[in-house]
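Novice: Sequence and predicted structure, then a few things I'm wondering about:
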Amino acid sequence: MKISLLKQEKSYRKLFAAGIINGIGDRFSQVAMLTLIIQLTGSGLAVGVTMALRLLPFLLFGPLGGRLADRFSRKRVLITTDLVRIFFALSFLLVNSKEDIWIIYIGSFILAAGEAIYAPTRKASIPRMVKKENLLMVNSLEQVMVGVVLIGGAFSGGLVSYLFGPDMTFWLNGLSFLVAALFISSITFPEIDFDNNSNQSNSRFLSELKKVIILSLPLQVILLCEFIISLLNGIDNVLISIYAVEEYKLGEVGVGLFYGALGIGLITSFTVAKRIKKHFLMIGLFCLILEGLGLVLLSQVYLVFLSFVVFCFIALMSGIGNACFDTVLMKEVPEKYQGTMFALSATISNTLLGISMFLAGIVLEIIDPRLLGCLGGISFMFVAISLIFMLRIKRKKYVKYFRNI
């Protein structure tokens, strides 16, 4: 099914390949970078700061990325951001001691700024690039892409870093951005009337986008979900490195192993998500409950193999849920607002995720990592159950409201 879909959607196939290539390169670099930080500083706080600096730029550049996607050639935006990021990907080669950590902080910030522009532009290109009936399966393939990146990038990156040193992974990251840009340059993007959007004032554009959100209960639930869950997601993002290096003493191989488990779960999610035909929002929220349950279980497991299996399960639930949520967004949001909406979504989630990672790093200096992981999982379940009840209550009110119009 995956191969036949990629054969059918030729333009998306190249976009998919470009995403895998630069994603694997970035993960190669990230595994080496996180392990290097822990080895040089031995601090969970330093990991939290670095991860936060990779996400906080979404607050500044996320909205810009959305407007660029709605105003200018998306092909040019994608190629430019890939090429610019090459130089900063190679800056990590200059890190040799604890005193050089600031280079990682600055490089991470700039690379994240590029991703803040790249990600919403890429996602906004998908609905026009594929057939509507293939939208859910393509969104599921996006989760597969992340899974392949985690396995090919994180797991293999851990081995490459261990065998050849972190410098090799940084060189490969720079090369991956160049190759991805070449792939994107060969894609024929569907024409969009950018003049219409560019002549429209920002205030009017945002006012109309606000109406779209107000009139869509599913959009409200998804945005609220991203707002709250992002405040919790920083916990497990920081803990995955802490579990591997500090709890299990596996170093960069352990970091790669656990990220590889996440990749397996995301790839497997395609086989389940492609069978879903309706109730996307409710299924996504139910997957969130199971994801939280997995996080609680992970905090109570002390064997590496069992932790690997639980990480696979967590990613499986996350992949199904994300595919459902993205499909709802693409169906609910009119095309001319999609770039801005995806940027708004990424800005909210990644900015809060960055703050969450920073706070998680601070909290890890005070309490046990496993206790923090357990509390995070319980919070996941509580949020999802609360949103399900809110959805059921508000849906009844919406039905009554629209009957009176």
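Specialist: Happy to help now that I have it. Computed from a prediction, not measured in an experiment: that's the story for all the values here.
Novice: Give me the contact list for stretch 300-307.
Specialist: Residues from elsewhere that reach stretch 300-307, judged by CB atoms under 8 Å, 6 or more residues apart in numbering: 243, 248, 250, 254, 257-258, 261, 298, 310, 370, 374. Every residue, glycine included, has its C-beta placed from N, CA and C.
Novice: gap between residue 173 and residue 294?
Specialist: Between residue 173 and residue 294 the distance, using CB to CB, to the nearest Å, works out to 30 Å.
Novice: so what secondary structure elements neighbour the strand or helix carrying residue 239?
Specialist: With secondary structure defined by DSSP states H and E, residue 239 is part of helix 217-242. Based on contacts counted as 3 or more CB pairs under 8 Å, 6 or more residues apart in numbering; DSSP states H and E, the elements that helix 217-242 packs against are helix 10-41, helix 44-53, helix 202-214, helix 251-273, helix 280-299, helix 304-332, helix 338-363, helix 369-403.
Novice: how far is that helix from where the chain is centred?
Specialist: From the chain centre to the centre of helix 217-242 is a distance of 11 Å (CA atoms, centre = their mean, to the nearest Å).
Novice: Taking helix 10-41 as reference, get the angle to it.
Specialist: Between the axes of helix 217-242 and helix 10-41, defined by axes from the mean of the first three to the mean of the last three CA atoms, to 10 degrees, the angle is 40 degrees.
Novice: Buried residues, helix 217-242. List them.
Specialist: Taking 16 or more other CB atoms under 10 Å as the neighbour-count basis, helix 217-242 is seen to contain the buried residues 217-226, 228-242.
Novice: which residues are contacting stretch 261-279?
Specialist: Judged by CB under 8 Å, 6+ apart, the contacts made with stretch 261-279 from elsewhere in the structure are 1-2, 136-137, 139-141, 143-144, 146-152, 154-155, 240, 283, 307-309, 311-320, 323-324.
Novice: Repeat that for stretch 331-345.
Specialist: 62-70, 74, 116, 119-121, 123-124, 127-128, 135, 196-197, 205-206, 208-209, 212, 216, 218-219, 222-223, 226, 329-330.
Novice: Just the buried residues of the contacts of stretch 261-279.
Specialist: Among those, those that count as buried by neighbour count (16+ other CB under 10 Å) are 136-137, 139-141, 143-144, 146-152, 154-155, 240, 283, 307-309, 311-320, 323-324.
Novice: Lowest mean pLDDT among the helices and strands, pick that one out for the chain.
Specialist: Of the helices and strands making up the chain, the lowest-confidence element is helix 194-199, at a mean of 51, by mean pLDDT, DSSP states H and E.
Novice: okay, and for this protein, where does confidence drop off?
Specialist: By pLDDT under 70, the low-scoring segments of the chain are 1-3, 43-44, 52, 55, 154-155, 158, 191-202, 252, 395-405.
Novice: if you set the cut-off to 90 instead, what comes out?
Specialist: Along the chain, the parts satisfying pLDDT under 90 run over 1-77, 81, 84-176, 185-264, 266-281, 302, 322-367, 388-405.
Novice: Compare neighbour counts for residue 173 and residue 294 and give me the winner.
Specialist: residue 173 (28 against 24; other CB atoms under 10 Å).
Novice: Look at the closest residue to residue 113 other than its chain neighbours and say how many residues are nearby.
Specialist: With CB to CB, 6 or more residues apart in numbering as the criterion, residue 113 has its nearest non-adjacent residue at 4.1 Å, and that residue is residue 57. A total of 23 residues lie near residue 57 under the criterion other CB under 10 Å.
Novice: Quick check: the gap between residue 57 and residue 214.
Specialist: Relative to residue 214, residue 57 is positioned 29 Å away (criterion: CB to CB).
Novice: ok, residue 382 - contacts?
Specialist: If a contact means CB under 8 Å, 6+ apart, then residue 382 has residue 292 as its contacts.
Novice: swap in residue 229?
Specialist: Counting by CB under 8 Å, 6+ apart, residue 229 touches 288, 349, 380, 383.
Novice: 7 Å instead?
Specialist: With contacts defined as CB atoms under 7 Å, 6 or more residues apart in numbering, residue 229 is in contact with residue 383.
Novice: any idea how far it is from residue 289?
Specialist: For residue 229, the distance to residue 289 under the criterion CB to CB works out to 12 Å.
Novice: Tell me, how many residues neighbour residue 305?
Specialist: Neighbouring residues of residue 305 were enumerated by other CB under 10 Å; the total is 8.
Novice: picking that back up, could I have the buried ones of the contacts of stretch 331-345 as ChimeraX selection syntax?
Specialist: Selection command for ChimeraX covering only the buried members of the contacts of stretch 331-345, criterion 16+ other CB under 10 Å:
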select :62,63,65,66,67,68,69,70,74,116,119,120,121,123,124,127,135,197,205,209,216,218,219,222,223,226,329,330
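Novice: how near is the residue nearest to residue 113 to residue 229?
Specialist: Taking CB to CB as the criterion, residue 57 is separated from residue 229 by 20 Å.
Novice: Next: residue 114.
Specialist: Distance, residue 114 to residue 229, using CB to CB: 25 Å.
Novice: now swap in residue 59 and tell me
Specialist: Noted for residue 59: a distance of 17 Å to residue 229, by CB to CB.
Novice: Then residue 320?
Specialist: Distance, residue 320 to residue 229, by CB to CB: 15 Å.
Novice: close enough to count as contact, residue 62 and residue 348?
Specialist: No - look at residue 62 against residue 348 with CB atoms under 7 Å: they stay out of range, at 8.2 Å.
Novice: tell me what the helix or strand harbouring residue 114 is packed against?
Specialist: Residue 114 is located in helix 101-129, with elements delineated by DSSP H and E. Contact analysis of helix 101-129 by 3 or more CB pairs under 7 Å, 6 or more residues apart in numbering; DSSP states H and E lists helix 10-41, helix 44-53, helix 57-71, helix 74-89, helix 338-363 as its packing neighbours.
Novice: so it versus helix 57-71, what angle?
Specialist: Angle, helix 101-129 to helix 57-71, by the same axes, to 10 degrees: 30 degrees.
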